[in-house]
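# For reference, the sequence and a predicted model appear below.
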Amino acid sequence: MPMTVKLRTAFKEEMQVAKSLYYQGQYLQSFHHLERAHILGQRHYVPHVINHYWMLKVGWRSRDVREVLGQVLRIIGSAGSLIGLIPIGNTGGANVSAVKPMPIPQDLVPFFDSTGPDTSDVAKHR
C-alpha cells in the first residue's frame, strides 16, 4: 500500500530538516530528524532505504564505525518493508535492535492512517 499524502508529507519534512542540518555539519541534530523520518517511512521500501542511506552518511561524517556498519546492514534489511516485517516505531539507528518495536512519539501518531496497515501496531506501542 502506498504512503498516504499526510504520511509522505511528514516524512519529506523530517528528511528536509535532517538534510539541512547535515549540510550545516550538525550531525547529532540531523540524526534526530532522520530517526523521526524513519518512524514515518519504515513501512515503505523506497523511503526506508533513502532514510538509511542518509543515516549512513551521518555515521560516515561523524566517523562512527558502528553506525556505518549498522546502516549498511539496515539498508540490506530494508527489504523487510516489502513484506511487512518492520517493527513499528523503531528509530532505525545502530544503537537499537533492528527488530525492536518502539513507542511512536505522540506528535507523529496523527500522521498514520488509523484505518490502514500503517497503524496495525500503533495502539500497542503508545
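Received the coordinates, thanks.

# isn't Ser78 right up against Pro47?
No. In this structure, Ser78 is not within contact of Pro47 by C-beta atoms under 8 Å, at 9.6 Å. Bear in mind the C-beta positions are built from the backbone N, C-alpha and C, glycine included.

# Show residues contacting the longest helix along the chain.
If you go by DSSP state H, the chain has its longest helix at helix 5-23. The contact list for helix 5-23, computed with C-beta atoms under 8 Å, 6 or more residues apart in numbering, reads 3, 27, 29-34, 36-37, 40-41, 47, 50-51, 54, 57-58, 61, 108, 110-113, 118.

# Buried residues, that helix. List them.
The neighbour-count check on helix 5-23 (16 or more other C-beta atoms under 10 Å) flags Leu7, Arg8, Ala10, Phe11, Glu14, Met15, Val17, Ala18, Lys19, Leu21, Tyr22 as buried.

# The nearest residue to Ala79 once chain neighbours are set aside: neighbour count?
Once flanking residues are discounted, Ala79 sits nearest to Tyr45: 7.4 Å by C-beta to C-beta, 6 or more residues apart in numbering. By other C-beta atoms under 10 Å, 16 other residues sit near Tyr45.

# Tyr45: what's it in contact with?
By C-beta under 8 Å, 6+ apart, the residues touching Tyr45 are Ser78, Ala79, Ser81, Leu82.
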